[in-house]
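Undergrad: Please find the sequence and the predicted model below.
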Amino acid sequence: MTDVQLTREEWLAARPGASPEFEQARFGGDVPSAEHLAIDEINPFNSHLFREDRWQEHFARLRAEDPVHFNEMGSSGRYWSITTWQDVRDVEGDWESFSSAQGITLTIPPGTPLPDDTIPFDAFIAMDPPDQTDQRKTVRGISAPSSLRNLEDLIRERTINVLDSLPEGETFDWVDTVSIELTTLMLATLFDFPLEDRRLLTKWSDLVTTVGPHRDVATNRQWFRDQVMECVNYFDRLFQDRRENPGFDMVSMLAHGPSTKDKSPMEHLGNLILLIVGGNDTTRNSMSGSVYALNKWPEQYDKLIADPSLISNLVPEIIRWQTPLAYMRRTATKDVEFRGKQVKKDDQVLLWYLSANRDEAVFGNNADVVDLERPNADRHLAFGHGIHYCMGARIAELQLRILWEEILPRFERIEVQAEPERTLSAFVKGYTQLPVQVRRK
């Protein structure tokens with residue numbers, strides 16, 4: 001385990017005594033194709049399946065043959081994969097039976113003691129009502145319709161500036177140059193964060209995806225802790241300022257909200273990381289995914305060029321197809337029979353949004369492709385469902401819409417030059433690099 005780069009969920013589970021299954025399921029890049037596995041051998045929680053873009057067959061098998069699928073590993077205990085659209089909605093809607101309070105990613109069996117130096121991430125996405133309701137309400141105003149109207153002109157101005165600066169006739173990385181830049185600028189605005197330091201937000205967001213570059217687990221743990229404390233200390237200075245000089249930004253809202261104003265800097269960490277990832281990783285991967293998908297299906301790109309009004313359907317269709325967060329975890333609060341399966345108290349339950357968004361029963365037999373004329377693209381579950389529905393959904397949609405409204409009049413084509421490099425994670429489904437060239441009109 002010393003020569004691999006750990007994702008955060010894997011790092012949390014890496015501990016003395018982890019079983020051999022741990023390395024195979026989480027680190028093994030040689031998993032056979034789904035057609036060569038018995039159904040009980042399929043374990044979709046494998047970061048390499050996502051980096052290699054080989055997850056589709058595994059979930060298609062599960063939807064067809066075992067939509068409520070059980071796995072057990074020494075490192076994570078018992079967990080179930082929920083893979084169809086209706087089942088994901090049903091579990092997500094029953095927060096009393098399937099709680100978020102034990103965490104939202106698959107890590108270690110509930111009740112297992114964490115290492116002494118584990119940093120807590122207490123965020124309202126990992127809470128149940130009433131605490132979840134109270135803390136979510138604190139920052140909900142940032143995505144209100146009036147706030148979006150105020151943001152639209154700024155988003156458009158920045159999008160124009162970034163697109164007009166792109167080099168023509170040379171290859172560059174769309175992920176860093178466009179997707180990360182635009183989403184980080186937006187996130188800095190929502191936090192009223194110093195623009196000159198905005199790439200710190202990108203760095204802290206990436207902590208959720210990858211722990212670090214070190215080969216040794218202990219060294220990675222210390223590196224991770226150092227990065228987290230940098231985030232805590234930086235935001236502590238912002239909190240001190242906003243207590244005296246409040247504005248309409250998320251730091252001010254947390255600093256003055258009735259349920260959050262008395263929290264310590266460390267206690268704010270979970271909500272900060274949640275808001276950073278929610279405003280950064282998800283939108284940037286949809287932006288990158290849109291360029292990749294339209295190159296993958298050029299006939300759809302042709303349709304869009306011929307009829308720019310299709311942008312209104314491109315937005316939900318790309319978010320459905322990309323599904324930037326692959327799953328969310330819940331934990332059973334009691335023994336539950338679900339679709340004929342016996343889910344035990346404390347079992348972890350993974351709501352695979354990306355599988356639900358490819359469910360043939362809802363999206364048809366072409367669910368694996370991008371179809372800009374798909375009539376029900378907006379039924380996707382990429383933003384979740386129920387009490388944890390993504391608070392920033394409208395902002396994400398606005399950014400993606402404006403991006404393509406400004407791309408189409410400027411460029412004949414954005415041309416992908418090679419396959420993208422994908423994120424090593426079963427949680428964040430995204431891209432680390434996408435080489436492209438642009439041809440201006």
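TA: Done, it's in.

Undergrad: bridging residues for the nearest residue to Asp176 once chain neighbours are set aside?
TA: Counting by C-beta to C-beta, 6 or more residues apart in numbering, Asp176 lies nearest to Gln433, which is 7.6 Å off, once chain neighbours are set aside. For glycine as for every other residue, the C-beta is placed from the backbone atoms N, C-alpha and C. Beta-bridge pairing of Gln433 under DSSP bridges involves Glu421.

Undergrad: Do I have it right that Gln433 meets Thr177?
TA: No - look at Gln433 against Thr177 with C-beta atoms under 8 Å: they stay out of range, at 10.6 Å.

Undergrad: And stretch 175-189, end to end?
TA: 20 Å (C-alpha to C-alpha, to the nearest Å).

Undergrad: Tell me how far it lies from the chain's centre.
TA: 15 Å (C-alpha atoms, centre = their mean, to the nearest Å).

Undergrad: next one: stretch 271-279
TA: Centre to centre, stretch against its chain (C-alpha atoms, centre = their mean), the figure for stretch 271-279 is 10 Å.

Undergrad: Next: stretch 152-163.
TA: 24 Å.

Undergrad: would you put the C-alpha positions of it in PDB?
TA: C-alpha atoms of stretch 152-163 as PDB (Å, rounded to 0.1, in the frame of the first residue of the first chain):
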ATOM      1  CA  GLU A 152     -25.600  36.600 -13.900                       C
ATOM      2  CA  ASP A 153     -23.900  39.700 -15.300                       C
ATOM      3  CA  LEU A 154     -20.700  39.000 -13.400                       C
ATOM      4  CA  ILE A 155     -20.600  35.300 -14.500                       C
ATOM      5  CA  ARG A 156     -21.000  36.400 -18.100                       C
ATOM      6  CA  GLU A 157     -18.300  39.100 -17.900                       C
ATOM      7  CA  ARG A 158     -15.800  36.600 -16.500                       C
ATOM      8  CA  THR A 159     -16.700  33.900 -18.900                       C
ATOM      9  CA  ILE A 160     -16.200  36.300 -21.800                       C
ATOM     10  CA  ASN A 161     -12.800  37.400 -20.500                       C
ATOM     11  CA  VAL A 162     -11.600  33.800 -20.100                       C
ATOM     12  CA  LEU A 163     -12.900  32.600 -23.500                       C
END
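
Undergrad: mean confidence score for it?
TA: Stretch 152-163 shows a mean pLDDT of 94.

Undergrad: Could you double-check that Val277 sits in contact with Asp206?
TA: No - counting by C-beta under 8 Å, Val277 sits too far from Asp206 to count as a contact (9.1 Å).

Undergrad: more crowded one of those two?
TA: Higher neighbour count among Val277 and Asp206: Val277, with 24 against 21, using other C-beta atoms under 10 Å.

Undergrad: mind checking how far the more buried one is from Gly384?
TA: 14 Å (C-beta to C-beta, to the nearest Å).

Undergrad: do Ile104 as well
TA: Taken as C-beta to C-beta, the span from Ile104 to Gly384 is 10 Å.

Undergrad: Looking at these two, which one has more neighbours?
TA: Neighbours per residue, other C-beta under 10 Å: of Ile104 and Gly384, the larger number sits with Ile104, 22 against 19.

Undergrad: does the more buried one count as helix, strand or coil?
TA: Three-state assignment for Ile104 (DSSP: H, G, I helix; E, B strand; the rest coil): coil.

Undergrad: Next, give phi and psi for it.
TA: Reported as degrees, to the nearest 10, the phi and psi values for Ile104 are phi -110, psi 0.

Undergrad: Wait, it touches Arg329, no?
TA: Yes - at 5.2 Å, Ile104 counts as touching Arg329 under the criterion of C-beta under 8 Å.

Undergrad: which residues of the stretch 251-400 of the chain score low on pLDDT?
TA: 279 (pLDDT under 70).

Undergrad: what's near enough to touch Arg63?
TA: 83-84, 355, 358-360 (C-beta atoms under 8 Å, 6 or more residues apart in numbering).

Undergrad: now do Ile319
TA: 286, 380, 382-383, 396-397, 400.

Undergrad: with the residues you listed in mind, which one is nearest to His256?
TA: Ala396 (25.5 Å; C-beta to C-beta).

Undergrad: Look up the closest residue to the closest one, ignoring the ones flanking it.
TA: Thr283 (4.6 Å).

Undergrad: Surely the one you found forms part of a strand?
TA: No - under the criterion used here (three-state DSSP), Thr283 is helix, not part of a strand.

Undergrad: Could you give the number of residues near it?
TA: 27.

Undergrad: That one: what's it in contact with?
TA: Thr283 neighbours (C-beta under 8 Å, 6+ apart): 179, 183, 186, 324, 392, 395-396, 399-400.

Undergrad: how does it look with 6 Å?
TA: 183, 396, 399 (C-beta atoms under 6 Å, 6 or more residues apart in numbering).

Undergrad: Neighbours of Asn280, how many?
TA: Neighbours of Asn280 (other C-beta under 10 Å): 22.

Undergrad: Specify the local secondary structure of the nearest residue to Arg358 once chain neighbours are set aside.
TA: Nearest non-adjacent residue to Arg358, counting by C-beta to C-beta, 6+ apart: Ala367, 4.5 Å away. Under three-state DSSP, the three-state class of Ala367 is coil.

Undergrad: Which parts of the stretch 1-150 of the chain are helices?
TA: Per DSSP state H, counting those that start in this stretch, the stretch 1-150 of the chain carries helices over the ranges 8-13, 20-22, 47-51, 56-65, 85-93, 131-139, 145-164.

Undergrad: what's the last one packed up against?
TA: Other helices and strands packing on helix 145-164, by 3 or more C-beta pairs under 6 Å, 6 or more residues apart in numbering; DSSP states H and E, are helix 181-191, helix 393-407.

Undergrad: Tell me who's in contact with Trp204.
TA: Counting by C-beta under 6 Å, 6+ apart, Trp204 has contacts 231, 276.

Undergrad: Let me fix that, I meant to ask about Asp236.
TA: By C-beta under 6 Å, 6+ apart, the contact set of Asp236 is Pro265.

Undergrad: From Val251, how far out is it?
TA: From Asp236 to Val251 the distance is 10 Å (C-beta to C-beta).

Undergrad: repeat for Asn313
TA: 35 Å.

Undergrad: Please say which of the two ends up with more neighbours.
TA: Neighbours were counted for Asn313 and for Val251 using other C-beta under 10 Å; Val251 has more, 23 against 17.

Undergrad: shouldn't that one be in contact with Phe191?
TA: Yes - counting by C-beta atoms under 6 Å, Phe191 is a contact partner of Val251 at 5.4 Å.
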